[in-house]
Structure formats: structure tokens, C-alpha cells
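Q: sequence plus the predicted model coming up.
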Amino acid sequence: MAGRQIAAAAILAMAAGTVLAEDSQPMFKVTGFSTLGIAYSSMRNADFVSNYWVQPNGVGKTRDWSTSVDSRAGAQVNAKLSNELSAVVQIVSEQRWDNSYRPFVEWASLKYAFTPDFSVRAGRVLVPTFMWSESRKVGYTNPWIRPPVEVYNLLVLTNNDGVDATYRSTLGGVKNSATLMYGQTKNTNSGGAKSKFKQGISFSDTIESGNLTARLGYVQTKMDMPALAFLNAFGCTGCESDVPLKVATAGFSYDASDWFVMAEGSRSTVKKRPFDIGGVRTGAYLTGGVRLGAYTPYLTYGQMQQTAAPTVFPANPQQSASLGLRWDFMRNADIKVQYDHIRPGAGSTGLFINASGAAGGNVLSTAVDFVF
């Protein structure tokens with residue numbers, strides 16, 4: 001069922017074309033992306049997933065093989081309405097909290113460029129937390145099959161309904177792009193618990209100089225989660241609402257064309273005194289690879305630590321080591337194979353779900369990515 005829905009989304013995107021304005025420039029441009037992945041694990045006590053907060057099952061305990069871990073498809077429409085005004089809509093189909101693959105709107109916004117360097121968007125906009133926030137769902141643009149889970153699972157939010165402003169500048173060959181965003185959004189996790197994130201503020205700053213790209217990101221928001229109302233009985237009055245959530249990130253990428261190295265670190269806090277509801281989590285990864293013609297072998301090491309014990313959400317420190325190979329076998333398409341060895345911390349199930357005992361083990365994945 002999942003494969004048919006994802007394939008249908010891909011076919012619809014490919015069937016669409018462009019609509020030309022009177023000056024013969026494309027007024028509407030339709031693009032798409034898809035990842036068809038399958039993962040295997042011999043684990044029997046837990047499921048490995050790529051999205052710890054949303055996916056209800058994965059590979060391991062539920063099934064030996066799974067296409068749900070990494071498969072998705074998306075279509076994007078960009079509209080140039082005038083020299084200053086443009087719009088974008090992106091629709092994605094991937095495994096959701098209820099095990100369905102119903103397409104959803106990831107982005108939908110209007111953008112007005114006051115100058116070539118300053119613009120404002122309104123609508124459903126990106127939350128620019130991580131190095132690869134813009135492209136995390138587009139497998140073809142990433143070196144791995146999936147972004148390292150030890151960092152990218154520290155925040156469930158990928159978009160907000162609100163506004164953002166971006167300013168770009170160049171000084172001495174160094175490019176800088178800074179974005180400030182305000183908004184709110186809703187989420188349903190894999191257990192069906194609903195939450196609302198409000199008064200969200202995020203900031204990101206990206207610097208590019210030659211082969212080097214560096215980025216800083218920060219998000220703070222307040223979370224309403226009715227499922228936490230039980231904490232009132234333990235002295236945490238109002239713990240189901242206005243829970244502060246903060247995430248700070250820093251990362252860099254150095255790409256010398258025939259080799260590359262990238263790293264990213266993040267820190268997440270979920271606190272409402274006197275309870276450290278989610279404690280303090282820190283995550284980091286380091287990836288390096290070489291390009292040998294159409295082939296790109298790569299290595300990744302990732303870890304997540306629990307630096308302050310949580311009182312509600314489970315502690316889930318873990319380490320992982322990954323070995324992968326990417327083959328760009330044709331234009332705008334690749335095949336990747338990736339082996340992950342994952343070891344949760346002592347007494348922890350890490351970022352595995354549906355655990356019924358000690359978690360940890362190996363995951364073998366392959367995926368075909370393409371864009372059109």
C-alpha cells in the first residue's frame with residue numbers, strides 16, 4: 001500500500017509541466033523528488049525508525065524488512081507571480097503516525113522580495129534548525145540514506161505556520177544568509193498524542209566561503225500537550241501547557257569536490273520547573289567521504305547523550321557507526337547502500353521504538369533516490 005501511494009505521488013509530479021507567462025518565462029514550475037528505500041534488521045526486541053517521534057513502527061521487532069523507514073515522495077510547485085512576488089507549495093507522502101501515507105502540505109507560502117537581498121515569506125514555512133533542514137526529505141541531495149538520527153531527532157518540527165524574513169549579504173567573497181522566523185504548528189506523535197507548538201521563534205545564519213559552509217541555528221517554542229496532564233498529581237501544575245522547548249545547533253561542511261567532511265552538533269532542553277520533562281539532550285555526528293567518479297563511499301559516527309535525566313520522556317543515549325556507498329548511476333538519480341551499527345547507552349533503548357528488552361544491533365538499508 002505504501003509503495004503504491006508513494007509511486008502515485010511521484011507519477012503525478014512527473015506528469016505536471018510548466019505554465020509560461022507572457023514573456024515566455026516559466027510562471028509555474030513543477031519539480032518532484034522520491035526515495036524508494038528498504039531496510040533490514042535481525043533485531044527482535046525493538047524497531048529502528050528514521051523519525052523517533054512520528055513513525056509507529058519500523059524494521060526489527062515488527063518485521064525483518066520494511067520499506068516504511070526511508071521511503072517518501074514529494075512534489076513542489078513554484079510560482080513567479082511578479083518580479084517581487086512568488087509562491088511555493090510542497091506536498092509530501094511518507095509514513096505518518098497512524099501508519100498511513102496520506103500526503104500532507106509541508107510548505108505553502110508567499111514570498112515578497114523587497115530587494116534582491118531582503119525578502120519576507122508568510123504561510124507554512126521551513127523551520128531552519130539544522131544544516132540540512134531545507135533538503136532533509138530530498139534524499140538525492142544528501143550523502144546518506146537518512147540524516148543522522150542522533151541529531152535530527154532532537155526536534156520533531158520541520159515547519160511552522162507564520163512568517164519569516166531573510167537577509168543576504170556578501171563581503172570580500174564571504175556570503176551570509178540570516179533568517180528569523182515566528183509561528184506555530186501542531187503535531188501528532190506515533191502514540192496518537194497531540195501537541196501544539198506556539199510562540200515559536202527560530203533563527204539561522206549560514207556563512208559560505210569557498211568550499212566551506214557553516215551554520216548556526218536556534219529554535220524556542222512553547223508546547224501544549226494534554227497527555228502530560230497526569231503530572232499535575234505529582235506537583236507539576238500546568239505541565240500540560242506552555243512547556244518551554246529550546247534547540248540550538250551548529251555545523252559545518254567542507255566540500256573539496258573529490259572529498260568532503262561535515263559535522264553538526266545540537267542541544268535540546270524540555271523543562272518546566274520543577275520537572276525536567278525531557279531533560280537535556282546533546283547530539284552530534286561526523287561524516288566524511290570521497291568521490292571516485294560515480295561512486296561515493298562514506299563513513300559516519302553519531303552519538304546522543306543525556307546530560308540531565310528526564311522525568312517524563314525516556315532517557316535515550318546511543319552511539320552509531322555507519323558505512324555507506326552512493327552510486328550516481330544516471331542523471332538526477334542514485335542508489336545508496338548503508339550499514340549501521342547502533343549501540344544504546346547502558347539501560348537505555350536509544351532511539352529505537354516498541355522496545356521489549358535490550359535494544360541495539362545492526363541495520364542494512366538500500367535506497368533509490370531521484371529528482372525530476
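A: Received it, and whenever you're ready, just let me know what you need. Residues are numbered from 1 along each chain as shown.
Q: where exactly do the strands run in the stretch 151-300 of the chain?
A: Taking DSSP state E, counting those that start in this stretch, the strands of the stretch 151-300 of the chain run over residues 159-171, 174-188, 194-209, 212-224, 243-255, 259-272, 275-290, 295-308.
Q: contacts for the third one?
A: Residues from elsewhere that reach strand 194-209, judged by Cβ atoms under 8 Å, 6 or more residues apart in numbering: 127-129, 133, 157, 160, 162, 173-189, 213-227, 245. Every residue, glycine included, has its C-beta placed from N, CA and C.
Q: quick one: buried residues of that strand?
A: For strand 194-209, the buried set under the neighbour-count rule, 16 or more other Cβ atoms under 10 Å, comprises Ser195, Phe197, Gly200, Ser202, Phe203, Ser204, Asp205, Thr206, Glu208.
Q: the second one now?
A: If you call a residue buried by 16+ other Cβ under 10 Å, then strand 174-188 has these buried ones: Ser177, Ala178, Thr179, Met181, Gly183, Thr185, Asn187.
Q: I'd like to know the beta-bridge partner residues of the first one.
A: Listed beta-bridge partners, Ser177: Arg168, Thr206 (assigned using DSSP bridges).
Q: hmm, it is touching Arg168, no?
A: Yes: applying Cβ atoms under 8 Å as the test, Ser177 and Arg168 come out as touching, 4.8 Å apart.
Q: give me the low-pLDDT residue ranges for this structure?
A: 1-25, 234, 273-276, 308-314 (pLDDT under 70).
Q: from the chain's centre, how far out does stretch 360-372 sit?
A: 15 Å (Cα atoms, centre = their mean, to the nearest Å).
Q: verify the contact between Ala263 and Ala284 for me.
A: Yes: the pair Ala263 and Ala284 passes the contact test of Cβ under 8 Å, sitting 7.1 Å apart.
Q: could the strands of the stretch 151-300 of the chain go into TSV alongside distance to Arg96?
A: Shown next, in TSV, are the strands of the stretch 151-300 of the chain (distance: least, Cβ to Cβ, whole Å):
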stretch	distance to Arg96
strand 159-171	15
strand 174-188	8
strand 194-209	13
strand 212-224	20
strand 243-255	21
strand 259-272	23
strand 275-290	22
strand 295-308	24
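Q: how about stretch 159-173: buried residues?
A: So, applying 16+ other Cβ under 10 Å, buried residues of stretch 159-173: Asn159, Asn160, Gly162, Asp164, Thr166.
Q: coming back round to it: list just the nearest of the buried residues of strand 174-188 to Trp65.
A: Asn187 (28.2 Å; Cβ to Cβ).
Q: pretty sure the closest one is touching Leu157, no?
A: Yes: under the criterion of Cβ under 8 Å, Asn187 makes contact with Leu157 at 7.2 Å.
Q: is the residue nearest the centre of the chain in a helix, a strand, or coil?
A: Nearest to the geometric centre of the chain sits Arg136, at 4.7 Å (Cα atoms, centre = their mean). Secondary structure, DSSP: H, G, I helix; E, B strand; the rest coil: Arg136 is coil.
Q: how about it: what's its closest non-neighbour residue?
A: Pro147 (5.3 Å; Cβ to Cβ, 6 or more residues apart in numbering).
Q: about what we covered before: how about JSON lines for the buried residues of stretch 159-173, with distance to Gly360 added?
A: Output for the buried residues of stretch 159-173, formatted as JSON lines (distance: Cβ to Cβ, whole Å):
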{"residue": "Asn159", "distance to Gly360": "32"}
{"residue": "Asn160", "distance to Gly360": "34"}
{"residue": "Gly162", "distance to Gly360": "39"}
{"residue": "Asp164", "distance to Gly360": "39"}
{"residue": "Thr166", "distance to Gly360": "41"}
